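J.: One predicted model, sequence on top.
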Amino acid sequence: MKSARRRSREFALQAIYQWQLAESSWLELKKQYSAADSFDKADADLFATLVKGVLKNGAELAEQLAPFVDRPWAEISPVERGILWIGAFELDAMPETPLRVIINESIELAKSFGGTDGHKYVNGVLDKFAAVRRAEEVAAQAPREVKPRVAKVAKSVPTVSVKARRSVKT
């Protein structure tokens, strides 16, 4: 069962996709999607925040994401572009939402709506973006995530003693 916030992100992605292709206005998108089946199960406020945020700040978000993408912005598929816009907007404008939640939700959108490996691309770009935009949150999470893996690997690696030999040149 999908949460209201997940449904909001899905509707927002569809609205942003439509905006990219048909240049629909916010009022047209709001009217169309608020009448859609199961929109009543979505968080309408989050939908509005995401769509209006991307429509208003799309160019700025694209500029901020540019250092983390491997091709010109126009060559990214409209679906992945919409997901990246939503993720970047949330990372910037919604500090109350943990970055791992935002990135995970973006990956799930890419798996549902994007191309075959689109979720990998979205994950890579948003991880790099988050490392810059939410550096403190990334740093705070790193010790907890890294230490258990390092300890586990360290226990599984046998220790080897090596004696050094000196070679004498004559």
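T.: Ah, there it is.

J.: Pull the number of nearby residues for residue 3.
T.: Neighbour count of residue 3, defined by other C-beta atoms under 10 Å: 12. Heads up, the C-betas are built off the backbone N, CA and C, glycines and all.

J.: Likewise for residue 99?
T.: Around residue 99 there are 22 residues (other C-beta under 10 Å).

J.: do the same with residue 119
T.: 20.

J.: and what of residue 8?
T.: 25.

J.: Can you tell me the closest non-neighbouring residue to the residue nearest the centre of the chain?
T.: Taking C-alpha atoms, centre = their mean, the centroid of the chain lies closest to residue 103, which sits 3.6 Å from it. Spatial nearest neighbour of residue 103, excluding adjacent residues (C-beta to C-beta, 6 or more residues apart in numbering): residue 126 at 5.0 Å.

J.: Who are the contact partners of that neighbour?
T.: 84, 87-88, 91, 102-103, 106 (C-beta atoms under 8 Å, 6 or more residues apart in numbering).

J.: how close does it sit to residue 105?
T.: Distance, residue 126 to residue 105, by C-beta to C-beta, to the nearest Å: 10 Å.

J.: between the two, what contacts are shared?
T.: Contacts common to residue 126 and residue 105, judged by C-beta under 8 Å, 6+ apart, are residue 87.

J.: Can you name the residues in contact with stretch 9-29?
T.: Counting by C-beta under 8 Å, 6+ apart, residues outside stretch 9-29 touching it are 2, 32-33, 36, 39, 42, 46-47, 50-52, 54-55, 78-79, 81-83, 85-86, 105, 109, 112-113.

J.: which secondary structure element contains the residue nearest to the centre of the chain?
T.: helix 99-113 (DSSP states H and E).

J.: Report all helices and strands that that helix contacts.
T.: Using 3 or more C-beta pairs under 8 Å, 6 or more residues apart in numbering; DSSP states H and E, the elements in contact with helix 99-113 are helix 4-22, helix 78-93, helix 118-133, helix 135-156.

J.: what sits against residue 94?
T.: 49, 102.

J.: in this structure, what spans have low per-residue confidence?
T.: 143-170 (pLDDT under 70).

J.: hmm, back to that, ok, the residue nearest to residue 103 to residue 17 distance?
T.: For residue 126 relative to residue 17 (C-beta to C-beta), the value is 18 Å.
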